[in-house]
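Undergrad: Could you work out the structure for the sequence below:
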Amino acid sequence: MIKKAESRVNDPNARFTQALIAHHTADYTVASGTYSMMIDTPLEEWEDYIRASLVVLWSQTRKGLGFNILQLGSMPEGGSLYTAESGPYVEFCKRELSPNVELLDAYHPNEWCIFVRRE
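TA: Predicted structure coming up:
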């Protein structure tokens with residue numbers, strides 16, 4: 001994904017990186033597929049990790065943050081994939097990050113995406 005973005009964006013100020021945590025402040029942050037593989041992590045612990053990760057990412061984001069999660073019921077239960085309803089994450093983002101939250105849930109039947117913008 002990063003190589004594709006680099007090949008499409010011809011701007012000397014644009015920089016695309018991949019890391020476990022945000023090391024630098026960026027205008028926009030995208031976490032795509034980041035929260036899908038919980039493997040054998042207990043559910044409550046995984047959800048705590050997601051929320052903490054979003055707070056850290058937001059602290060390093062100047063303009064907007066986007067992330068996606070698999071829709072609850074879209075994958076077989078008991079596997080290593082994390083699925084969830086969007087509502088609790090929309091409310092979390094509005095409460096902890098910014099009131100400017102947009103949910104996209106009609107673009108793909110198996111996932112939803114949230115965009116959070118600074119006001």
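
Undergrad: Output the longest helix belonging to the protein.
TA: Counting residues, the longest helix in the chain under DSSP state H turns out to be helix 43-59.

Undergrad: buried sites along the following helix or strand past that helix?
TA: Using DSSP states H and E, the helix or strand that follows helix 43-59 in sequence is strand 61-71. With burial defined by 16 or more other C-beta atoms under 10 Å, the residues of strand 61-71 counted as buried are 61, 64-71. Backbone N, C-alpha and C define where each C-beta goes, glycine included.

Undergrad: Please enumerate residues in contact with the following helix or strand past strand 61-71?
TA: Downstream of strand 61-71, the next assigned helix or strand under DSSP H and E is strand 83-84. For strand 83-84, contacts defined as C-beta atoms under 8 Å, 6 or more residues apart in numbering pick out 47, 69-75.

Undergrad: Which of those residues sits closest to Glu96?
TA: Glu47 (13.4 Å; C-beta to C-beta).

Undergrad: now the closest one, nearest residue through space, not along the chain?
TA: Distances taken as C-beta to C-beta, 6 or more residues apart in numbering put Ala84 closest to Glu47, at 7.6 Å, once the chain neighbours are dropped.

Undergrad: Distance check, that neighbour against Ser74.
TA: As for Ala84, its distance to Ser74 is 10 Å (criterion: C-beta to C-beta, to the nearest Å).

Undergrad: So the nearest residue to Arg51 once chain neighbours are set aside, which state does it fall into?
TA: Nearest residue to Arg51, sequence neighbours excluded (C-beta to C-beta, 6+ apart): Phe92, at 6.0 Å. Following DSSP: H, G, I helix; E, B strand; the rest coil, Phe92 is assigned to helix.

Undergrad: wait, doesn't Phe92 sit right on Ala52?
TA: No - contact criterion C-beta atoms under 8 Å: Phe92 and Ala52 do not qualify, at 11.0 Å.
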